[in-house]
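Undergrad: Kindly return the folded structure for what I paste below:
(chains A and B)
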Amino acid sequence: MEPVIFEERQTQIHRKGTQPFDLACNKDSLAGAVSQRACVFCGSRVVLYPIADALHLVHGPIGCAAYTWDIRGALSSGPELHRLSFSTDLQERDVIFGGEKKLYRALMELIERHSPKAAFVYSTCIVGLIGDDLEGVCKKVSKKKGIPVLPVQSEGFKGNKRAGYHAACQAMFRLVGAGDTTGISKKSLNILGDFNLAGEIWIIREYFKRMGIEVVANITGDGRVDDLRRAHGAALNVVQCSGATMDLALMMEEVYGIPHLRVSYFGVEGMAESLYSVARFFDDPEMMARTRELVREELAELYPRLQEFRRALTGKKAAIYVGGAFKAFSLVKAFRLLGMEVVLVGSQTGTPADYQELHDITDEGTIIVDDSNPLELSSFLKEKDVDIFVGGVKERPIAYKLGVGFCDHNHERKEALEGFVGMLNFAQEVYNTVMSPVWQFVPRKVRKAA
Amino acid sequence: MLLRHTPKEITERSALTINPAKTCQPIGAMYAALGIHSCLPHSHGSQGCYAYHRSTLTRHYKEPVMAATSSFTEGASVFGGQANLIQAINNIFTVYEPEVIAVHTTCLSETIGDDIPQIIAKARDEGKIPPGRHVIHANTPSYVGSHVTGFANMVKGMVDYLAQSNGHKESRVNIIPGYVEPGDMEEIKRLAGELGVPHIMFPDTSNVLNGPQTGRYHMFPPGGVTVEELTRTGSSMGTVALGTLASGPAARALDTKCKVPCEILDLPIGLQATDIFIDTLRQIAGVTVPESINIERGRLLDVITDMHQYFFGRKVALAGDPDQLISLTQFLVDIDMWPIHIVTGTPGKKFEKKILEITKDVPHPVNVKSGGDMFLLHQWLRSDPVDLLMGNTYLKYIARDEDIPLVRFGFPILDRIGHSYFPTVGYRGGLRLLEKILDALMDRQDRDAPEESFELVM
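TA: As a prediction, this is how the structure comes out:
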């Protein structure tokens, strides 16, 4: 067999059951390896971009703005300023003489024209190098225009996406605490780490409403600046996608004493347990009763329909490679609910605790991998003869080239996958791709039949 | 209205690009490098750059896109990226075993001032480049030019590093196809083959980014120009370069380095530009044009004449890359359409001059801007509406808000298929463009026609 694994990467791959579990992670990617990871700027941009009534200005050469122009289907119920692409489009002379003046002019012009509630200014690699005083320019504009203008220290080379999440949280935290919190219910929370892909946060908000809970701020899906400013008035932070927004929850806990709960809205177990844990937090028997009723109603609707999918999908094999590990936990459980076997699971940026948890919940023989690459992934997919691969934009064509079904659990999902209804959508999507008649024509199946 | 934020009044903007009609150099360099067989493009910068380029190319082609990166960290940004690049070269040749690594720089490594040729030399001295393998490079700072410039620089890099003269002139023509789709490259090769002109085309992304489903994943798909062919370009008797901006620098470099004379032509999009391409090939190679090509040409002309009443006076707004827009504008003018708003994000004043020359007889004021953006285009057409939009996927916002039909053309196309398989170059490509334009216009006419004038035969 061709060598597909770098010697240096051996420790970042584990086959459950073969040896004691000790997966190396949190490492910088090997130079020259075709990693599927991205940069700090990317992390900040995906977290903040759904705040729909803010101005998002990318301070750098054009590419950083062009590649992140409306790529994440984060829906807004109102303003859509976030879907435009604004860039200072730095040129050679700016790199030599500095881009501060240009940034100032760009901000002034944009704020005048669009009257946003706040502005986020993203720093890129080059800005970090030429030493523009982002903070200074932002302060000056903020004073002139009377809105918060927030620098996001997201120079690409400072690390991977996780460092970008942190920079985003720091920027958002500067908004928190500025708004009026009068009238906010004692039974209230902020939703952190949901980006309203395919309208998912609307599903979750509806559940909380049925439980009798006020949602103060969406962070950040369908997000609004004013909500963020009064987010410190909420009694609780519920945090999904912990990598992206946990830092903000911790800062709010430290400064405003707001406790947080880790939740997941993917899969039946995760969704139900998340709602129950919120109800337990508020320690309100009536709320708990309403929550039980909610879960019962939803499951009564969901289960019979899931059984049909389960009958068809039992015994099929799934592979998972996602950005953050939290998503992988829920996916492992969701596949189990469908009677499917997870034979490969990995993430770009998981932590030791994440991988330990993955190890605990997966079956013997499952491959667990950190910061993988297409060659490794394709060899694992072939070895395990999988029926479906779950990943993002760069993984999709690998699956299709091999003749394997695919489900996008990332920016390009078209159906809501969160909530009880999301589990049904997920099952439907998995069924559609795994059972599709198109695979009968692909060489992989033809060879097997012959 | 997604673009409700666009005001009609146009004010001078000097500090700001809104909704760009370009992207940065490195992605063009990556695309060009994928047109070399068994080549791994390498981004000398931080991880985000190449992740974005791979994602964008994947969205456009629906194909896996392979590339590597130096994975800059804070340390590399302070001390320079030499150690990262040498380690990367070693790792890549050890595990992925490509024949070529094509390094392009980024704004980060350019500003740090990494000297790539020196680093490559060091890697060679240290034995990190196995015998018979190659590392080539292009400087592609993101703050200069656009993705087209990056493409041009990498194609020139192929000449700089690999082309060699063996002292003779062999009866063969080099063709540099320009920043066009894999299907276009295939069509250009087919036309040259039909003419009976022996040729080497570089780069060549056909069968790399429009490959078949084989049930196998190939890190290096079967297509692409080989190193051996690239070497021989220095001994060809001439070069035909298509697209001044994308192909000109490589063609001139080949002339300087190996004394291979070149003809730099417009991209063969539309009747006239294809005529010139065919005629130039014919003259250089001393062949006669076969009847099969005359028939193709005749068919294109036939559709132009059959349908000219539907083209006449229809106003068009265009956004895209200079080489494409020059040929396309000429084609539209030739069929009596009126291209009246034309914008490219790529800087360069020659473009504006050339477009104004092509459109001088259009009986309507013409707006043209290089270094512009889609925000400006939208402002123009809010004051002076058009019947048709042509450009990449990002025009769909304007198309929806202003309710104008859109023909997708250019890069990137993120929401439709076809562009990687069906050419827009050559006579057949012209036919396809006309079909798309007519479909868009006539579907609209059908949709909007009052019942009594809704026509069966058109």
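
Undergrad: ok, now which ones touch the residue nearest the centre of chain A?
TA: By CA atoms, centre = their mean, chain A has its centre lying nearest to residue A:241, at 5.6 Å. Going by CB atoms under 8 Å, 6 or more residues apart in numbering or on different chains, residue A:241 touches A:193, A:194, A:195, A:324, A:326, A:327. C-betas here are computed from N, CA, C, even on glycine.

Undergrad: Not counting sequence-adjacent ones, nearest residue to it?
TA: Sequence neighbours aside, residue A:193 is the residue nearest to residue A:241 in space, at 3.6 Å (criterion: CB to CB, 6 or more residues apart in numbering or on different chains).

Undergrad: residues touching the closest residue to chain B within chain A, list them.
TA: Nearest residue of chain A to chain B: residue A:39, at 2.5 Å (CB to the nearest CB). Applying CB under 8 Å, 6+ apart, one finds that residue A:39 lies in contact with A:125, A:156, A:157, A:159, A:160, A:161, A:164, B:46, B:47, B:48, B:49, B:51.

Undergrad: Please state the backbone phi and psi of it?
TA: Main-chain dihedrals, residue A:39, degrees, to the nearest 10: phi -120, psi -180.

Undergrad: Could you do residue B:239 as well?
TA: Dihedral pair for residue B:239: phi -130, psi 130, per degrees, to the nearest 10.

Undergrad: same question, the one 4 residues further on
TA: Residue B:243 adopts backbone torsions of phi 100, psi 110, taken as degrees, to the nearest 10.

Undergrad: Sitting in helices, which of the contacts of residue A:241 do you find?
TA: Residues from the contacts of residue A:241 lying in helices, with DSSP state H as the criterion: A:326, A:327.

Undergrad: follow-up on the earlier one: would you confirm that the residue nearest to residue A:241 contacts residue A:223?
TA: No: between residue A:193 and residue A:223 there is no contact under CB atoms under 8 Å: 11.6 Å.

Undergrad: Chain B: strands as residue ranges?
TA: Applying DSSP state E to chain B gives strands spanning B:17-18, B:39-44, B:68-69, B:100-105, B:134-138, B:170-176, B:199-201, B:236-242, B:262-265, B:315-320, B:338-344, B:367-370, B:388-391, B:406-408.

Undergrad: of all those strands, which lies closest to chain A?
TA: Among these, the nearest to chain A by CB to the nearest CB is strand B:17-18 (3.9 Å).

Undergrad: Off-centre distance for that closest one?
TA: Averaged C-alpha coordinates place strand B:17-18 at 22 Å from its chain's average position (CA atoms, centre = their mean, to the nearest Å).

Undergrad: per-domain residue ranges of chain A.
TA: As given by automatic domain parsing, the domain ranges for chain A are A:40-173, A:188-292, A:314-413.

Undergrad: Now do the residue nearest to the centre of chain A against residue A:191, distance only.
TA: The spacing between residue A:241 and residue A:191, counted by CB to CB, to the nearest Å, is 11 Å.

Undergrad: Kindly report the same for residue B:450.
TA: 50 Å.

Undergrad: and these two? which has more neighbours close in?
TA: Taking other CB atoms under 10 Å in any protein chain shown, residue B:450 and residue A:191 do not tie; residue A:191 has more neighbours (27 against 6).

Undergrad: Doesn't the more buried one belong to a strand?
TA: Yes: applying DSSP: H, G, I helix; E, B strand; the rest coil, one finds residue A:191 inside a strand.

Undergrad: Mind listing the residues bridging to it?
TA: Applying DSSP bridges to residue A:191 gives these bridge partners: residue A:218, residue A:238.

Undergrad: Which residue ranges of the stretch 151-300 of chain B form helices?
TA: Listed in chain order, the helices of the stretch 151-300 of chain B (DSSP state H, counting those that start in this stretch) span B:182-195, B:227-232, B:244-258, B:271-285, B:291-306.

Undergrad: Actually, the stretch 351-458 of chain B.
TA: Using DSSP H, counting those that start in this stretch, the helices found in the stretch 351-458 of chain B span residues B:374-383, B:396-402, B:426-448.

Undergrad: Reformat the domains of chain A as a markdown table; add mean pLDDT.
TA: Compiled in a markdown table, those are given as follows (pLDDT from 0 to 100):
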| stretch | mean pLDDT |
| --- | --- |
| domain A:40-173 | 95 |
| domain A:188-292 | 96 |
| domain A:314-413 | 91 |
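
Undergrad: Break chain B into its domains for me.
TA: Here the domain assignment for chain B is B:25-157, B:170-295, B:307-424, based on automatic domain parsing.

Undergrad: now, of those domains, which is deepest in the fold?
TA: Using mean count of other CB atoms under 10 Å in any protein chain shown, the stretch among the domains of chain B with the largest mean neighbour count is domain B:25-157, at a mean of 24.

Undergrad: Any idea how far apart the tips of that domain sit?
TA: With CA to CA, to the nearest Å applied, domain B:25-157 spans 14 Å between its terminal residues.

Undergrad: ok, how many other residues are close to residue B:165?
TA: Counted with other CB under 10 Å, residues neighbouring residue B:165 total 17.

Undergrad: and the gap between it and chain A?
TA: Separation of residue B:165 from chain A (CB to the nearest CB, to the nearest Å) stands at 33 Å.

Undergrad: residues contacting that residue?
TA: B:234, B:235, B:257, B:258, B:259, B:260 are the contacts of residue B:165 under CB under 8 Å, 6+ apart.

Undergrad: Check residue B:73 too.
TA: By CB under 8 Å, 6+ apart, the contact set of residue B:73 is A:28, A:157, A:158, A:159, B:46.

Undergrad: Adding distance to residue A:97 and secondary structure as columns, could you present those residues in CSV?
TA: Output for the contacts of residue B:73, formatted as CSV (distance: CB to CB, whole Å; DSSP: H, G, I helix; E, B strand; the rest coil):
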residue, distance to residue A:97, secondary structure
A:28, 33, coil
A:157, 22, helix
A:158, 24, helix
A:159, 28, coil
B:46, 23, coil
